[in-house]
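Asks: structure, please.
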Amino acid sequence: MAQRGKKEMELQVPENCLPAAGFPSPTCSGRDPPRSGPIQPQEPAEGGKRLRSEDEKEEELVAPATAPAKMVNRCAGCRKRVGLTGFRCRCGELFCGDHRYSDRHDCSFDYKAAGKAAIARENPLVRAAKIVRI
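Replies: The predicted model follows:
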């Protein structure tokens with residue numbers, strides 16, 4: 001009698017394990033599906049990209065932890081601490097409110113050439129075809 005009750009309990013599927021699809025999931029059935037060997041990464045179809053293996057992912061996680069990025073929070077002109085109120089210039093440096101303008105810190109960025117290039121990009125020169133006179 002005890003064996004019969006045990007078999008009936010094994011055959012019954014709990015209601016919460018039935019998904020909306022109508023078939024029980026492998027986790028609720030009590031049996032593990034057969035597993036194959038380790039999965040090999042496939043060759044990329046196009047674009048030259050390939051999937052990263054677990055070893056490469058672990059190396060990426062370890063690398064940033066060993067070399068933390070150093071945040072610059074001082075003015076490049078006067079070395080005053082600026083914190084969140086610092087201004088990042090196009091030359092790549094961080095400056096305080098007094099040195100934020102390019103003429104105050106001898107900026108190496110060429111604003112004049114950058115402006116000319118931007119105007120040339122936005123307003124291309126249009127040349128009409130020559131008119132042939134009869």
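Asks: who touches residue 77 in this structure?
Replies: Residue 77 sits next to 95, 96, 98, 99, 104, 105 when contact means CB atoms under 8 Å, 6 or more residues apart in numbering. All C-beta spots, glycine's among them, are computed from the backbone N, C-alpha and C.
Asks: quick check: the last one vs residue 132, distance?
Replies: From residue 105 across to residue 132, the span is 57 Å (CB to CB, to the nearest Å).
Asks: quick check on these two: which one has the bigger neighbour count.
Replies: More crowded of residue 105 and residue 132, by other CB atoms under 10 Å: residue 105, with 19 against 5.
Asks: rewinding a little: just the contacts of residue 77: which are in strands?
Replies: residue 95 (DSSP state E).
Asks: buried subset of the contacts of residue 77, written for ChimeraX?
Replies: Here is the ChimeraX command that selects only those of the contacts of residue 77 that count as buried (16 or more other CB atoms under 10 Å):
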select :95,96,99,105
